[in-house]
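Novice: Quick one: sequence plus predicted model below, questions after.
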Amino acid sequence: MESILQITFAIVVLLILYKFNIIKLPLRLFFRQTYTGKKISLAYRLFNGGYHHNFVVNSNTEYIVHFDVGVEQGTLLIRMKGILETTFHESETGTIRITTRDPLQSIYVEGHSTKGTCRVELEEAS
């Protein structure tokens, strides 16, 4: 009986700490990811945490990065090391030109209690 009370107390304390944003738990509800070649698409009802993906690209080549972010609630951070680091509070679409140095280009997407979609595509510039 005493162990059940201890477990219940621990769960209640964790829930209170989570409710007041003292601790954060990674959470993905109805999280769907699809990727092909140089394109990645994410869709989620609730996303709290991070997602990492690597693209294989040609070194020293110019690419156009197309991004389409749909934010219905919360915030979303997209980070490409040394190229792009943007936090989105609302839906936005855009493009940037990059020149790759390494054959492996990584992207990190971090959600903060967000709901929506995210699409990133690398297209070789002509």
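Specialist: Yep, that arrived. Everything numeric in this text was worked out from a predicted model, so none of it was measured.
Novice: Report the residue spans of this protein with pLDDT below the cut-off.
Specialist: 1, 21, 23-25 (pLDDT under 70).
Novice: those helices in it, which residues are they?
Specialist: Taking DSSP state H, the helices of the chain run over residues 2-19.
Novice: Kindly list the longest strand within it.
Specialist: Looking across the chain with DSSP state E, the single longest strand is strand 104-124.
Novice: Indicate each strand paired with that strand and its parallel or antiparallel sense.
Specialist: strand 39-56 (antiparallel), strand 62-80 (antiparallel) (DSSP bridges).
Novice: okay, these in TSV with distance to residue 88 next?
Specialist: For every residue, glycine as well, the C-beta is placed using N, CA and C. Shown next, in TSV, are those (distance: least, CB to CB, whole Å):
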stretch	distance to residue 88
strand 39-56	12
strand 62-80	5
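Novice: where does the nearest residue in space to residue 29 that is not next to it in sequence sit relative to residue 62, distance-wise?
Specialist: Excluding its sequence neighbours, the residue lying closest to residue 29 (CB to CB, 6 or more residues apart in numbering) is residue 46, at 4.1 Å. Residue 46 sits 37 Å away from residue 62 when distances are taken as CB to CB, to the nearest Å.
Novice: Give me the more crowded residue out of these two.
Specialist: The neighbour comparison of residue 46 against residue 62 (other CB atoms under 10 Å) goes to residue 46, with 15 against 12.
Novice: looking at it, that one is touching residue 72, isn't it?
Specialist: No: judged on CB atoms under 8 Å, residue 46 makes no contact with residue 72 at a distance of 10.5 Å.
Novice: ok so, going back, quick one: distance of the longest strand of the chain to the chain centre.
Specialist: Distance of strand 104-124 from its chain centroid, counting by CA atoms, centre = their mean, to the nearest Å, is 5 Å.
Novice: repeat for stretch 86-103
Specialist: 13 Å.
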